[in-house]
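Visitor: no sequence for this one, just the structure:
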């Protein structure tokens, strides 16, 4: 049974994004500028289209679970031309600041590539299964390549962050499955430690570096040094500012991820053109938060113009828990009619929930966030938060390691299309209706670890 069939078998809202699994470095492809107004219209039109389709089906989901995948023409890796997969730049103006980020054309419409089943209140739970990888047309006979021994450095933005810890754990698992060694550096969210940590890995003469969400402006010197030493650097976990010194960026589509929460927020507030108030917990550094927040604001402006963003707070990461609690308490005291709190980072949800409880507004304020960490799943089970936009963290990490395996084992450079056919990144909206039982993680239809182990056994003679 192929991946498409496995995905059809799930009883959850699950997205598969073939266009955002890997974003190549600028030295492999250059960005084309698109018309921001045109792209903004495309984005909101497709969000509206998906919302209408899901809303129409939700009423019948309780009695009938149609197992089908709705894919838009042109989304598949073999449809259209390579030009369709080039990145574009989308610009939004917020106040006096212009925020600009690269998106790819297909990522805009990836929200319509869904398994359309019950979104809220569905009773099905996710199931894990193994897909059969297809042998690459560029590979030799099965298992004839001996993969050389390597040591991989991991530059982790903050191991204390549960989502970052999950990314690193999955990456270590994949590295060790190849018989490789690893060295990890925890930067604890400190820009100076990111810079020194990157240089430390280069000076240790590791064979490759996995950059876990440490943005490129913070590690410019280390990236230059890695390039001079012929050490390939692959980023994963989140989008970074572009750098010609990255071999590849293995990043989720933040547009796809945010679309899940946009859909839920629209539903929670009563549908199109409803009114309401929303408070944003955000941050100004990096690309991830501006992308998510920019899309949220665009969606609200286009589809729910009467929803008011009553405030936003840029969180101090060094003391995020106390800062989030203080900011949320202040916002709720100033306006107790806030309907939704958008926790733009996974670890903001818990302190925001505590502040809502202290204000006596539990059950009246909806909190939405990202990533199915153990803590967030527990909050969801208890009804402290309402929705989690998620993607397969293990799959993202194993894909990043696979880029290095192909690079060292086959001297294969990553391209836009080379990885899309391997395993499309899996996304899901998790609510109380499909949260797993206590003590169990959220799992996806295709087990990334089993998939890549089978793939590597076919390709490399020394992978067990």
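Guide: Ah, there it is. Note that this is a predicted model, so its numbers are computed, not measured. Residues are numbered from 1 along each chain as shown.
Visitor: any chance you could map the helices in this protein?
Guide: Secondary structure of the chain by DSSP state H: the helices cover 3-8, 36-61, 105-109, 162-177, 191-203, 220-228, 254-268, 288-303, 320-334, 349-358, 374-381, 393-410, 448-459.
Visitor: Contacts for stretch 347-358, please.
Guide: Contact partners of stretch 347-358, identified using Cβ atoms under 8 Å, 6 or more residues apart in numbering, comprise 161-163, 281, 315, 320-322, 324-326, 328-329, 332, 341, 343, 362, 365, 367, 369, 373, 375-376, 379, 384-385. To be clear about C-beta, it is placed using only N, CA and C from the backbone, and glycine gets the same treatment.
Visitor: Quick one: buried ones out of these?
Guide: Burial by neighbour count, judged by 16 or more other Cβ atoms under 10 Å, picks out 161-163, 281, 315, 320, 324-325, 328-329, 332, 341, 343, 365, 367, 369, 373, 376, 379, 384-385 from these.
Visitor: what about residue 391, neighbour count?
Guide: For residue 391, the neighbour count with other Cβ atoms under 10 Å is 25.
Visitor: Sorry, wrong one. I was asking about residue 318.
Guide: Counted with other Cβ under 10 Å, residue 318 comes out at 9.
Visitor: Let me know the pLDDT of it.
Guide: Residue 318 carries a pLDDT value of 81.
Visitor: Contact partners for the closest residue to it other than its chain neighbours?
Guide: In this structure, residue 318 finds its nearest non-sequential neighbour in residue 189, 7.2 Å apart by Cβ to Cβ, 6 or more residues apart in numbering. Neighbouring residues of residue 189 by Cβ under 8 Å, 6+ apart: 157, 158, 161, 317, 318.
Visitor: Residue 189 and residue 424: what is the separation?
Guide: 31 Å (Cβ to Cβ, to the nearest Å).
Visitor: May I ask which helix or strand of the protein has the lowest mean pLDDT?
Guide: Ranked by mean pLDDT, DSSP states H and E, the weakest helix or strand in the chain is strand 69-70, scoring a mean of 22.
Visitor: so where's the stretch 351-464 of the chain uncertain?
Guide: Low-confidence segments of the stretch 351-464 of the chain (pLDDT under 70): 415-422.
Visitor: swap in the stretch 101-250 of the chain?
Guide: For the stretch 101-250 of the chain, the ranges with pLDDT under 70 are 101-143.
Visitor: what are the ranges of the strands in it?
Guide: 114-115, 151-156, 181-186, 208-212, 233-236, 248-250 (DSSP state E, counting those that start in this stretch).
Visitor: Kindly present those as TSV, with separate columns for mean neighbour count and distance to residue 336.
Guide: Formatted as TSV, these follow (neighbours: other Cβ atoms under 10 Å; distance: least, Cβ to Cβ, whole Å):
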stretch	mean neighbour count	distance to residue 336
strand 114-115	25	35
strand 151-156	24	39
strand 181-186	17	40
strand 208-212	28	39
strand 233-236	26	41
strand 248-250	26	42
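Visitor: closest one to residue 443 among those?
Guide: Residue 443 lies closest, by Cβ to Cβ, to one member of the strands of the stretch 101-250 of the chain: strand 114-115, at 15.0 Å.
Visitor: Residue 274 against residue 306, yeah?
Guide: Yes - between residue 274 and residue 306 there is a contact under Cβ atoms under 8 Å: 6.9 Å.
Visitor: between those two, which one's more packed in?
Guide: Higher neighbour count among residue 274 and residue 306: residue 274, with 15 against 10, using other Cβ under 10 Å.
Visitor: still on that earlier bit, among the helices of the chain, which is nearest residue 149?
Guide: Here helix 393-410 is closest among those (Cβ to Cβ), at 9.5 Å.
Visitor: between the closest one and strand 208-212, how many degrees?
Guide: Calculated by axes from the mean of the first three to the mean of the last three Cα atoms, to 10 degrees, helix 393-410 forms an angle of 160 degrees with strand 208-212.
Visitor: name the helices or strands packed onto helix 393-410?
Guide: Counting contacts by 3 or more Cβ pairs under 8 Å, 6 or more residues apart in numbering; DSSP states H and E, helix 393-410 is packed against helix 162-177, strand 208-212, strand 233-236, strand 248-250, strand 425-430, helix 448-459.
Visitor: Could you pull up the residues touching residue 307?
Guide: Contacts of residue 307 (Cβ under 8 Å, 6+ apart): 269, 274, 275, 276, 277, 278, 300.
Visitor: actually residue 305, sorry about that
Guide: Here residue 305 is in contact with residue 273 (criterion: Cβ under 8 Å, 6+ apart).
Visitor: Relative to residue 266, how far out is it?
Guide: Look at residue 305 and residue 266: by Cβ to Cβ, they are 12 Å apart.
Visitor: Residue 278 too?
Guide: Counting by Cβ to Cβ, the separation of residue 278 from residue 266 is 11 Å.
Visitor: Over to residue 245?
Guide: 40 Å.
Visitor: next one: residue 368
Guide: Distance, residue 368 to residue 266, by Cβ to Cβ: 11 Å.
Visitor: Could you export the strands of the stretch 101-250 of the chain to TSV, including columns for distance to residue 198?
Guide: Converted to TSV, the strands of the stretch 101-250 of the chain look like this (distance: least, Cβ to Cβ, whole Å):
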stretch	distance to residue 198
strand 114-115	38
strand 151-156	6
strand 181-186	8
strand 208-212	7
strand 233-236	9
strand 248-250	16
